[in-house]
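Novice: any chance you can model this:
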Amino acid sequence: MDNVKNEHVKCLILGSGPAGYTAAIYAARANMSPVVYEGMEPGGQLTTTTEVDNFPGYPQGITGPKLMEDLRNQALRFDADIRFGYATSADLSQRPFKVTIDESKVVDADTLIIATGATAKYLGLNSEQKFRGQGVSACATCDGFFYRGQDVAVVGGGDTAAEEATYLATICRKVYLIVRRHELRASKAMQEKVFNTANIEVLWGHQTKEILGDMSGVNGALLVSDKGEETKIDITGFFVAIGHQPNTAFLGGQLDLDEVGYIKTEGGTSKTNIPGVFAAGDVKDPHYRQAITAAGSGCVAALDAERFYNMNVTK
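Specialist: Residues are numbered from 1 along each chain as shown. So this is what the prediction gives:
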């Protein structure tokens with residue numbers, strides 16, 4: 001057995017979306033010497049988005065990959081240590097916390113910021129992956145603007161799908177809501193909104209067989225009913241709203257999570273049930289899931305981590 005010591009850091013940040021990079025900027029400016037592991041998807045979900053028009057400071061808009069590159073470079077400017085790799089397990093039973101990276105390297109951290117995000121659930125179609133960013137999206141509030149006055153489809157039957165459909169109905173000509181069952185799982189209030197919106201057509205008992213398109217992007221979808229009948233709809237946007245999966249499996253149940261798996265934090269803070277462990281971004285946010293709210297929560301996490309470190313670690 002070797003005697004190589006674990007690397008010891010003041011602040012370890014897991015994840016590299018807007019939350020992780022913003023936490024890195026603030027922690028680095030506070031002389032916390034943060035080490036950031038970028039995770040399985042460096043840059044987070046925004047790297048699969050084309051135009052981003054609603055992030056403050058970019059009046060002409062910016063692409064998702066370029067926005068994340070800018071945030072990453074800003075963190076590097078303040079000497080944040082950004083690395084490839086992802087957390088595979090963690091021991092949060094005592095400080096310093098022990099986080100295993102890539103199933104091999106162990107990092108001891110005085111403070112830990114978890115910004116590992118949440119992964120949108122997709123249907124699993126090859127055509128769905130083919131047209132991601134070219135008509136297929138998992139965020140109506142992010143990308144709906146680009147389909148103004150056009151016909152689109154939303155797949156799902158829960159609150160998220162109902163919310164996305166009613167939102168899109170305010171800017172699109174027509175919205176098809178594709179529901180696998182013959183009822184909605186959404187709350188009664190959201191169901192009423194759907195049923196009272198004239199330009200939403202609910203397609204009960206249908207599943208998506210294929211997303212259709214060409215070099216310019218999505219132009220339709222092939223559906224199949226529970227009776228085996230196929231129907232083609234003409235659309236330019238296909239929004240998947242069947243939920244998100246927070247990336248918290250590596251924690252092994254050591255933090256308090258909600259019923260879906262989002263990390264619970266104390267109201268108005270990034271504090272988890274374990275002192276010194278903080279959460280930011282989509283991994284703790286089942287409601288908003290926006291780049292700007294994730295960035296804001298990254299700031300909060302870094303400030304919380306700095307205060308914790310100064311009060312509990314430094315002597």
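Novice: contact partners for the residue sitting nearest the centre point of the chain?
Specialist: For the chain, the residue nearest the mean C-alpha position is A118 (4.2 Å; CA atoms, centre = their mean). Neighbouring residues of A118 by CB atoms under 8 Å, 6 or more residues apart in numbering: 244-247, 262, 282-283, 285-286, 289. Where C-beta positions appear, they are placed from N, C-alpha and C, glycine not excepted.
Novice: cutoff 10 Å now
Specialist: By CB atoms under 10 Å, 6 or more residues apart in numbering, the residues touching A118 are 17, 44-45, 243-248, 260-262, 281-286, 289.
Novice: could you pick out the buried ones from the residues you listed?
Specialist: 17, 44-45, 243-244, 246-248, 261-262, 281-286, 289 (16 or more other CB atoms under 10 Å).
Novice: tell me which stretches of the stretch 101-250 of the chain form strands.
Specialist: Taking DSSP state E, counting those that start in this stretch as the criterion, the stretch 101-250 of the chain carries its strands at 105-114, 118-120, 136-137, 151-155, 174-179, 200-204, 206-214, 217-225, 230-233, 237-240, 244-246.
Novice: out of those strands, flag the one nearest F55.
Specialist: For the strands of the stretch 101-250 of the chain, the distance to F55 is smallest for strand 136-137, at 16.2 Å, taking CB to CB.
Novice: circling back to that earlier point, and the residue nearest to the centre of the chain, what are its bridge partners?
Specialist: Taking DSSP bridges as the rule, A118 bridges to P246.
Novice: from L255, how far off is T265?
Specialist: Distance, T265 to L255, using CB to CB, to the nearest Å: 10 Å.
Novice: which of those two has more residues huddled nearby?
Specialist: Remark: of T265 and L255, T265 carries more neighbours, 24 against 19, as counted by other CB atoms under 10 Å.
Novice: about what we covered before: so which of the buried ones among the contacts of A118 are in strands?
Specialist: Using DSSP state E, the subset of these located in strands is 244, 246.
Novice: now do the contacts for K121.
Specialist: Contacts for K121 (CB under 10 Å, 6+ apart) come out as 138, 156, 240-245.
Novice: ok, those vs V107, which is closest?
Specialist: For those, the nearest to V107 is Q245 (24.7 Å; CB to CB).
Novice: wait, what's in contact with the residue lying closest to the closest one once chain neighbours are set aside?
Specialist: Counting by CB to CB, 6 or more residues apart in numbering, T119 is the residue found nearest to Q245 once chain neighbours are left out, at 5.1 Å. By CB under 10 Å, 6+ apart, the contact set of T119 is 40-41, 44-45, 138, 243-247, 282.
Novice: pick out the lowest-pLDDT one from the residues you listed.
Specialist: Within the set of the contacts of T119, pLDDT is lowest for Q45 (76).
Novice: that residue and T116 touch, don't they?
Specialist: No: with contact defined as CB atoms under 10 Å, Q45 does not reach T116; the gap is 11.6 Å.
Novice: just give the number of residues close to G157.
Specialist: By other CB under 10 Å, 24 other residues sit near G157.
Novice: care to break this structure down by domain?
Specialist: 7-119+244-314, 122-240 (the TED database).
Novice: just give me how far the first one sits from the chain centre.
Specialist: Yep, that's domain 7-119+244-314 we're talking about. 12 Å (CA atoms, centre = their mean, to the nearest Å).
Novice: now do the same end-to-end measure for it.
Specialist: Start-to-end span of domain 7-119+244-314 (CA to CA, to the nearest Å) is 18 Å.
Novice: now swap in stretch 34-54 and tell me
Specialist: Criterion CA to CA; first-to-last residue distance in stretch 34-54 is 28 Å.
Novice: swap in stretch 136-150?
Specialist: Per CA to CA, the first residue of stretch 136-150 is 14 Å away from its last.
Novice: and that stretch, how far out from the chain middle?
Specialist: With CA atoms, centre = their mean as the basis, stretch 136-150 stands 16 Å off its chain's centre.
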